[in-house]
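Colleague: Coordinates only, no sequence provided:
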Ligand code: FES
């Protein structure tokens, strides 16, 4: 089980921790990883001067924005599972221009 913990302290909350959790959850659901990844919140990780702070299996990450966090999460989980979870093009971008 991979554990992902997002800081929900006040500084990270202001920077977007709530949206980060929602986007992480959306990603895990979309990829069918709920049984393989546990998503949790935590109190202040004492790194308030950095970005939105979170951990994956105890390894600390600081993301400057939510999009960056999702990108890093995708990469880290791909590595941990040995599975390519690269971003797929949306249906809209796959449409042919006529
Ligand atoms: S509030 Fe997140 S590290 Fe302090």
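Modeller: Nice, I can see it. Because the structure is predicted, anything quoted here is derived from the model rather than measured. Residues are numbered from 1 along each chain as shown.
Colleague: any idea of the mean pLDDT for whichever helix or strand residue 14 is part of?
Modeller: Per DSSP states H and E, residue 14 falls inside helix 10-15. Averaged across helix 10-15, pLDDT comes to 97.
Colleague: do the same with stretch 50-61
Modeller: 95.
Colleague: Just confirm yes or no for that stretch near the ligand.
Modeller: Yes - using C-beta under 6 Å from any ligand atom, stretch 50-61 reaches the ligand at residue 53. To be clear about C-beta, it is placed using only N, CA and C from the backbone, and glycine gets the same treatment.
Colleague: Between the two ends of that stretch, what distance do you get?
Modeller: 10 Å (C-alpha to C-alpha, to the nearest Å).
Colleague: for the protein, what spans make up the helices?
Modeller: 10-15, 17-30, 66-81, 91-94 (DSSP state H).
Colleague: Just the buried residues of the third one, please?
Modeller: Within helix 66-81, the residues scored as buried using 16 or more other C-beta atoms under 10 Å are 66, 69, 70, 73, 74, 76, 77.
Colleague: how much space is there between residue 78 and residue 17?
Modeller: 23 Å (C-beta to C-beta, to the nearest Å).
Colleague: typo on my end, it should be residue 59
Modeller: Distance, residue 59 to residue 17, by C-beta to C-beta: 18 Å.
Colleague: Pull the number of nearby residues for the closest residue to residue 42 other than its chain neighbours.
Modeller: In this structure, residue 42 finds its nearest non-sequential neighbour in residue 5, 4.9 Å apart by C-beta to C-beta, 6 or more residues apart in numbering. Applying other C-beta atoms under 10 Å, we find 18 residues neighbouring residue 5.
Colleague: and residue 5, how far is that from the ligand?
Modeller: From residue 5 over to the ligand the distance is 11 Å, taken as C-beta to the nearest ligand atom, to the nearest Å.
Colleague: How about residue 66?
Modeller: Remark: distance between residue 66 and the ligand (C-beta to the nearest ligand atom) = 14 Å.
Colleague: From here on, call the first residue 555.
Modeller: Yep, numbering from 555; the last one is residue 620 now.
Colleague: which residues touch the closest residue to the ligand within the chain?
Modeller: Going by C-beta to the nearest ligand atom, the ligand is nearest to residue 563 of the chain, at 2.5 Å. Contact partners of residue 563, counting by C-beta atoms under 8 Å, 6 or more residues apart in numbering, are 571, 596, 597, 598, 599, 602.
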